[in-house]
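Student: Pasted the sequence and its predicted model underneath.
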Amino acid sequence: MTKEQFVLELEKIGAIKFGSFTLKSGLISPFYFDLRDMISYPEILEGVSDLLAEKIKNMDFNVITGIPYTALPIATLVAAKLDKPLIYMRKEEKAYGTGNNVIGKFEKGAKCLVIDDLITTGSSKIETAEGYEKEGVVVKDFVVVIDRSANGTEELAKQGYNLHSLISLDEIVNLLQNKGLISAEKVKEVEEFTASLAKPEKKEKYVNPLTQKLLDKMQEKKSNLVLSLDVTTQKEFFDLLDKVGEEIVMLKTHVDIIDDYDENFVPKLLEYAKRQNFLIFEDRKFADIGNTVRHQFRNGIYKIADWAEYVTVHMVAGELILKGLFEGSEGHAGFVLARMSSKGNLLNETYTRKCFEAAKKNPQWVAGFIGHGNSVEDIRRFKAKFPGSEVLMMPGVKKEAGSDAMGQQYITIEQAVEGGADCIIVGRGILQADDPQAEARLYRERAWKAYENR
Ligand code: 6AU
């Protein structure tokens, strides 16, 4: 099968369509490509595999993969034709850092060629490559069946990857026009559409007021230390606060672990916050349906909304939890748990991405993300995907990396901040020190220095 025949076959089975289509993003596109059904036509599948095999046979790689679902069966055929090993990545990743996400045999450092059906922006390709690289597989080259992107080659090149494509959008359009299958107007529409996509995306300028408030307070106090004051009596709580309150930008509470909580607690806390000049973050991790979290936030014994500006939000119930919590109330925002520090936690990359999508849609309610990582590089990559100007709040931080007996994992102050943590959240590292005051000062100085050097 020639390339031309292949394109005409795709048109015949409705895999490439020209008309007017509303994309997920809301944009109206003059064309629509969906190659998923192609695998059900043996001749087309065979044809595209031959074309791809021909295209890549002289490239430098040890193993082949295809991005599930569409490209995996295609890559399988190509690998068999070229007598090369096939590997693939689980579609639903395990939680980050657990490994074993790649199926198939390969040597560490193997060069992998990645096949996919389409490229639109390149961002999912980069994610794929990063996923493989975490597992010790080297990715340099991507081969796509159709390049429908405006600047995919450049986007991938920026990250050090090569893009090869079997067919470009231009080729398809020209061929179909020559065959009288689409009009000259349609061709023009396609050109205008792709040109509009190539314009750089407007960077989100919006900064959540509570993000700004935290950033301002950090500058004012020269501190990015958040103390997690996880003690169980009011006496311990305020005794420790006497010693460390001046060092911190924000106090993180778990109000429900205080045994002798009473009506004096909150007024006293607010008085400390004013005098020692710190913000209050109640680490009540909301995770229920909107109506329930609304009450949990405002009612009950603690009436959290009356005294804490920041709270933590799990996205497991869906993004409407943000509306339930914050709609109609000024001066509150959440830190969304996009990743956790605990060993074996179930937040995988897909979940993390959903957290970012939810924040992108509701920036007025998200001040930042809680996150963690296993290296500076890992944290950098994580933070690079934040949708706007949210801050990264990082727990699981100590002077030395390590873990506790109940699954907490620690990285160092410098790893956290160099990777991108705006604030470090420290509990036992300070609370269990012989001299918590001196220790808080030390954490503050090291974290602030790393922040200023970043
Ligand atoms: O420094 P530690 O280990 O004594 O305390 C860390 C604090 C605890 C946890 O409840 C909290 O940080 N935390 C969070 C938060 C802040 O949401 C998320 C997470 O993934 N890991 C974590 O430890 O109060």
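Tutor: Happy to help now that I have it.
Student: What backbone torsions are found at the residue in the stretch 201-350 of the chain positioned nearest to the ligand?
Tutor: Closest approach between the stretch 201-350 of the chain and the ligand, counting by C-beta to the nearest ligand atom: residue 340, at 3.3 Å. Every C-beta, even on glycine, is put in place using the N, C-alpha and C of the backbone. Here is the backbone geometry of residue 340 (degrees, to the nearest 10): phi -120, psi 160.
Student: Skip the chain neighbours and tell me the closest residue to it.
Tutor: Of all residues not flanking residue 340 in the chain, residue 347 sits nearest, at 5.5 Å (C-beta to C-beta, 6 or more residues apart in numbering).
Student: The one you found: which element?
Tutor: Under DSSP states H and E, no helix or strand contains residue 347.
Student: tell me the pLDDT at it?
Tutor: Here the pLDDT value assigned to residue 347 is 94.
Student: Show me how far stretch 271-279 is from its chain's centre.
Tutor: Mean-position distance between stretch 271-279 and its chain equals 33 Å (C-alpha atoms, centre = their mean, to the nearest Å).
Student: what sits up against it?
Tutor: The contact list for stretch 271-279 (C-beta atoms under 8 Å, 6 or more residues apart in numbering) reads 213-214, 217, 220-221, 238, 241, 245-246, 248-251, 280, 309-310.
Student: Pull out the buried positions in it.
Tutor: By 16 or more other C-beta atoms under 10 Å, the buried positions in stretch 271-279 come out as 272, 273, 276, 278, 279.
Student: Could you list which of these also contact the ligand?
Tutor: Among these, no residue sits close to the ligand (C-beta under 6 Å from any ligand atom).
Student: taking these one by one, which sit in helices?
Tutor: Among the buried residues of stretch 271-279, the ones falling in helices (DSSP state H) are 272, 273, 276.
Student: Secondary structure class of residue 146, three-state.
Tutor: strand (DSSP: H, G, I helix; E, B strand; the rest coil).
Student: Relative to residue 263, how far out is it?
Tutor: Distance, residue 146 to residue 263, using C-beta to C-beta, to the nearest Å: 66 Å.
Student: between these two, which one's more packed in?
Tutor: Remark: of residue 146 and residue 263, residue 146 carries more neighbours, 23 against 7, as counted by other C-beta atoms under 10 Å.
Student: Which residue, neighbours along the chain excluded, lies closest to residue 155?
Tutor: In space, and not counting its chain neighbours, residue 155 is closest to residue 122: 3.8 Å by C-beta to C-beta, 6+ apart.
Student: likewise residue 225?
Tutor: Distances taken as C-beta to C-beta, 6+ apart place residue 444 nearest to residue 225, at 4.5 Å, with adjacent residues excluded.
Student: what sits against that neighbour?
Tutor: 223, 224, 225, 247, 248.
Student: what secondary structure does it sit in?
Tutor: helix.
Student: I'd like the distance between it and residue 244.
Tutor: 9 Å.
Student: now residue 107
Tutor: 50 Å.
Student: between those two, who's got more neighbours?
Tutor: More crowded of residue 107 and residue 244, by other C-beta under 10 Å: residue 244, with 24 against 10.
Student: Mind telling me which residue of this protein is nearest the ligand?
Tutor: Nearest residue of the chain to the ligand, counting by C-beta to the nearest ligand atom: residue 427, 2.6 Å away.
Student: is it true that the residue of the stretch 201-350 of the chain closest to the ligand touches residue 369?
Tutor: No. In this structure, residue 340 is not within contact of residue 369 by C-beta atoms under 8 Å, at 11.1 Å.
Student: who's more crowded, these two?
Tutor: Between residue 340 and residue 369, counted using other C-beta under 10 Å, residue 369 has the larger neighbour count: 27 against 22.
Student: Now name the helix or strand holding the more buried one.
Tutor: Assessed by DSSP H and E, residue 369 sits inside strand 366-370.
Student: From the contact counts, what lies against the helix or strand that comes right after that strand?
Tutor: Counting by DSSP H and E, the next helix or strand C-terminal to strand 366-370 is helix 376-384. With contacts taken as 3 or more C-beta pairs under 8 Å, 6 or more residues apart in numbering; DSSP states H and E, helix 376-384 sits against strand 391-394, helix 413-419.
Student: packing partners for the helix or strand where residue 155 lies?
Tutor: Following DSSP H and E, one finds residue 155 within helix 152-158. For helix 152-158, the packing partners by 3+ C-beta pairs under 8 Å, 6+ apart come out as helix 123-134, strand 162-168.
Student: List the contacts of residue 227.
Tutor: 244, 247, 248, 250, 251, 252, 426, 427, 430, 440.
Student: is it in a bridge, and if so with what?
Tutor: For residue 227, the beta-bridge partners under DSSP bridges are residue 251, residue 426.
Student: Flag the shaky bits of this structure, pLDDT-wise.
Tutor: Within the chain, the ranges that satisfy pLDDT under 70 run 92-99, 200-204.
Student: ok, and what's touching the helix holding residue 155?
Tutor: Contacts of helix 152-158 (C-beta under 8 Å, 6+ apart): 119, 120, 121, 122, 123, 125, 126, 142, 147, 149, 162, 163.
Student: repeat that for 7 Å
Tutor: Around helix 152-158, the neighbours that count as contacts under C-beta atoms under 7 Å, 6 or more residues apart in numbering are 119, 121, 122, 125, 142, 163.
Student: The helix or strand containing the fifth one pairs with which strands, parallel or anti?
Tutor: Using DSSP H and E, residue 142 maps to strand 138-147. Within its sheet, and counting by DSSP bridges, strand 138-147 is paired with strand 111-119 (parallel), strand 162-168 (parallel).
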